[in-house]
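Undergrad: model this:
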Amino acid sequence: MEQALYGVDGGFYRRPEGPAGHFRTSVHASRQYAQAVGRLLLEVDEALGHPAEIALIDVGAGRGELVGALAGLLPGRLTGYGVELADRPPGLPAQVRWTARVPAGSVGLLFANEWLDNVPLEIAEADDDGVLRYLEVAPDGAERLGAVLEAEDAAWAARWWPQGERVELGAPRDAAWAAAVGALERGLAVAVDYAHHRAERPLFGTLTGFREGREVPPVPDGGCDLTAHVALDAVAVRGGQDVHTLWTTQREALRALGVDGARPPLAQASGDPAGYLRALAAAGEAAELTASAGLGGFGWLLQAVRMPVPRSLAGLAGWQTLQA
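TA: This next block holds a predicted model:
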C-alpha cells in the first residue's frame with residue numbers, strides 16, 4: 001500500500017494530475033467548504049487570543065486547493081502549510097510553504113481532509129480456526145493469508161475491532177494522527193474522513209480502489225487510489241485535561257459553521273432572477289456538502305489542544321476529555 005500510493009517510481013499520489021483527476025472531495029465540490037474552514041480558522045484565531053503568528057496546516061494537501069484558497073486570510077500573521085509528499089504544484093501563493101512533514105511547534109488550525117484513509121495499514125483476516133492472520137497481497141491483487149498477528153496488532157484488534165472476518169489494523173493511523181496533533185503547540189486539529197465506530201465496524205472491511213471517478217478493485221500497482229475507512233474513535237489522541245475532543249458529522253459541523261442548504265425564497269425569482277439562480281446554485285452545493293448519505297456523513301474528529309473550543313463549535317453536543 002505504501003509503495004502503490006507514495007512510491008517515488010509510479011506511486012498513485014506522485015502523479016501530476018493529483019487526487020482531483022480521479023475523485024471529488026468536499027474541497028473540490030464547492031468553495032463553500034473552504035469558506036467554512038476559513039470561518040473556523042478565524043474562530044481559532046479568536047480563541048487563541050490573536051497570536052502574532054498563526055498557522056493553517058493542510059495535511060494531505062493534494063494540489064493545495066484548500067490552503068491556497070485561504071492563504072490571504074489574516075494578512076501578515078498567517079502562514080499556510082501544504083503537507084504532502086508530492087512536489088509543490090505551480091501557482092500556489094508565496095505565503096504557502098510546501099513540506100512533507102507537519103511543522104513542529106505551530107499555533108493555529110491543523111486540518112486533514114481525507115488524509116487518514118490513505119495512511120497505509122495492514123489488513124488481517126480470520127483463518128478457518130478464527131485466528132487473525134496478516135493478509136498478504138501481490139501487485140496484481142492476488143491475496144493469501146500470512147503469519148499470525150504480532151502482539152501489538154493483536155492488542156489493537158482486540159480493543160478496537162473485536163468482531164469481523166476482516167480487520168483493518170489502524171495503529172499506523174493512530175500514530176500518524178498523534179504525531180500531527182503532537183506537533184501543535186496550541187490549536188485545533190481536525191480530521192475529516194470516511195469513518196466508523198467500534199460498535200459498528202464493517203464485518204468485511206472497507207478497503208477499495210478509485211480511478212477516474214470510479215470504484216475499482218484495490219490492486220496495489222500504483223494505478224488507483226487505495227483507501228480504507230478510518231476508526232476515528234481509535235485515532236483520537238488521549239491527552240488528559242489539555243485536549244478537548246468531539247467526534248461529529250460533517251453535516252453538523254458545517255451547519256454550525258454557517259453552511260446551509262436551504263433553498264432561497266421563490267419570491268426572489270421574480271424580483272432578482274440572477275440572484276435567485278446564484279442562491280439556488282449555492283444551496284445545491286451546500287446540500288451536497290451536508291447530505292447525510294453523502295459528504296455530510298463524513299466523520300469529523302476535532303481536538304482542541306491547550307485552547308478553548310471555538311465559538312461556533314462549542315454548542316455541538318459530545319465534547320469530552322479523553323483519558324488514556
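
Undergrad: Need the three-state assignment for E168.
TA: Following DSSP: H, G, I helix; E, B strand; the rest coil, the label given to E168 is strand.

Undergrad: where does the stretch 151-300 of the chain have low pLDDT?
TA: Along the stretch 151-300 of the chain, the parts satisfying pLDDT under 70 run over 264, 276, 279.

Undergrad: now the helices: where do they sit in it?
TA: Remark: helices assigned in the stretch 151-300 of the chain by DSSP state H, counting those that start in this stretch are 151-160, 171-182, 232-235, 250-256, 268-271, 273-290.

Undergrad: Next: the stretch 1-150 of the chain.
TA: 2-6, 26-29, 31-47, 65-70.

Undergrad: can you redo those as a markdown table with distance to L184 and mean neighbour count?
TA: C-betas here are computed from N, CA, C, even on glycine. A markdown table is the format used below for these (distance: least, CB to CB, whole Å; neighbours: other CB atoms under 10 Å):
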| stretch | distance to L184 | mean neighbour count |
| --- | --- | --- |
| helix 2-6 | 24 | 17 |
| helix 26-29 | 21 | 19 |
| helix 31-47 | 11 | 20 |
| helix 65-70 | 16 | 23 |
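
Undergrad: lowest-confidence stretch among those?
TA: The weakest mean pLDDT among these belongs to helix 26-29, with a mean of 84.

Undergrad: That one - contacts with which helices or strands?
TA: Judged by 3 or more CB pairs under 8 Å, 6 or more residues apart in numbering; DSSP states H and E, helix 26-29 is in contact with helix 31-47, helix 65-70, helix 273-290.

Undergrad: Which of the helices of the stretch 1-150 of the chain sits closest to L257?
TA: helix 31-47 (4.2 Å; CB to CB).

Undergrad: if we can go back for a sec, which one of the helices of the stretch 1-150 of the chain lies closest to M307?
TA: Judged by CB to CB, the one of those that comes nearest to M307 is helix 31-47, at 5.4 Å.

Undergrad: ok now that closest one, how far from the chain's centre?
TA: How far helix 31-47 lies from its chain's middle: 16 Å, per CA atoms, centre = their mean, to the nearest Å.

Undergrad: between it and helix 273-290, how big is the angle?
TA: For helix 31-47 against helix 273-290, the angle by axes from the mean of the first three to the mean of the last three CA atoms, to 10 degrees is 70 degrees.

Undergrad: Alpha carbons of helix 31-47, in CSV - could you do that?
TA: The C-alpha coordinates for helix 31-47 follow below in CSV (Å, rounded to 0.1, in the frame of the first residue of the first chain):
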residue,chain,number,x,y,z
ARG,A,31,-15.8,26.8,-2.5
GLN,A,32,-18.3,26.9,0.5
TYR,A,33,-16.2,24.2,2.1
ALA,A,34,-13.0,26.4,2.0
GLN,A,35,-15.1,29.3,3.3
ALA,A,36,-16.4,27.3,6.2
VAL,A,37,-12.8,26.2,7.1
GLY,A,38,-11.8,29.9,6.8
ARG,A,39,-14.5,30.8,9.3
LEU,A,40,-13.2,28.1,11.6
LEU,A,41,-9.7,29.5,11.2
LEU,A,42,-10.9,33.0,12.2
GLU,A,43,-12.6,31.5,15.3
VAL,A,44,-9.5,29.5,16.2
ASP,A,45,-7.5,32.8,15.9
GLU,A,46,-10.0,34.5,18.3
ALA,A,47,-9.9,31.6,20.8
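
Undergrad: So which residues make contact with it?
TA: Here helix 31-47 makes contact (CB atoms under 8 Å, 6 or more residues apart in numbering) with 26-27, 51, 54, 56, 65-66, 69-70, 73-74, 78, 108-109, 111, 187-188, 190, 254, 257-259, 282, 285-286, 289, 304, 307-313.

Undergrad: G187 is in contact with L302, correct?
TA: No: L302 lies out of contact with G187 (CB atoms under 8 Å); the separation is 11.2 Å.
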